[in-house]
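>>> Turn this into a structure:
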Amino acid sequence: MDKIDYDIVQENGEFVVREGKTKYRVDLRKRLLQFAVDTINFLGTLPYRKEFDVFRYQLSKSSTSMGANYEESQGGYSYRDFASKIGICYKEARETHYFYKVIHSLQIGDLNVCKRLTNESDELKRIFGSILSKVKNAGDK
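Sure, this is the predicted structure:
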């Protein structure tokens, strides 16, 4: 599982993501919302050809699903419920990153935006991978 150093802690009944062991709080909600909006806007730059419809459909679903499932995770009634939602976020992030790599390889749409969103989807995938591995390890204790 791809991962980078992010930690998850519980504060005031909410699960909070921190970068590494620092006190730097990562506002994933805001970041995921912006990523979903940027993705929807980017999809409008794709040429209107039937074979590109799959990108519009799948990316609009997977990119928005990450944020929606992360929001659900914050209302989790247990650590296990939280872990389940983070697992879905991780899978959706991997799918999103895959489709961005395909689009980038095809060189379609706004290429500068595509490159930025491909990189962002990779980082989100790594963040969720890190959170998921820590949640799994905590659950095994």
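
>>> so where does the residue nearest to Leu124 when sequence neighbours are not counted fall, helix or strand?
Nearest non-adjacent residue to Leu124, counting by Cβ to Cβ, 6 or more residues apart in numbering: Ala93, 4.8 Å away. Placement of C-beta: from N, CA and C, glycine included. Applying DSSP states H and E as the criterion places Ala93 in helix 79-106.

>>> Give me the helices and strands touching that helix, please.
If you count contacts as 3 or more Cβ pairs under 8 Å, 6 or more residues apart in numbering; DSSP states H and E, helix 79-106 packs onto helix 53-74, helix 111-139.

>>> Switch those over to TSV; also include distance to Phe35, mean neighbour count and mean pLDDT.
Shown next, in TSV, are those (distance: least, Cβ to Cβ, whole Å; neighbours: other Cβ atoms under 10 Å; pLDDT from 0 to 100):
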stretch	distance to Phe35	mean neighbour count	mean pLDDT
helix 53-74	6	18	94
helix 111-139	6	18	89
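
>>> still on that earlier bit, thought the residue nearest to Leu124 was touching Ser65?
No: using Cβ atoms under 8 Å, Ala93 is not in contact with Ser65, being 9.3 Å away.

>>> Please identify the buried residues of stretch 88-105?
Neighbour-count burial for stretch 88-105, counted by 16 or more other Cβ atoms under 10 Å, picks out 88-97, 99-100, 103-104.
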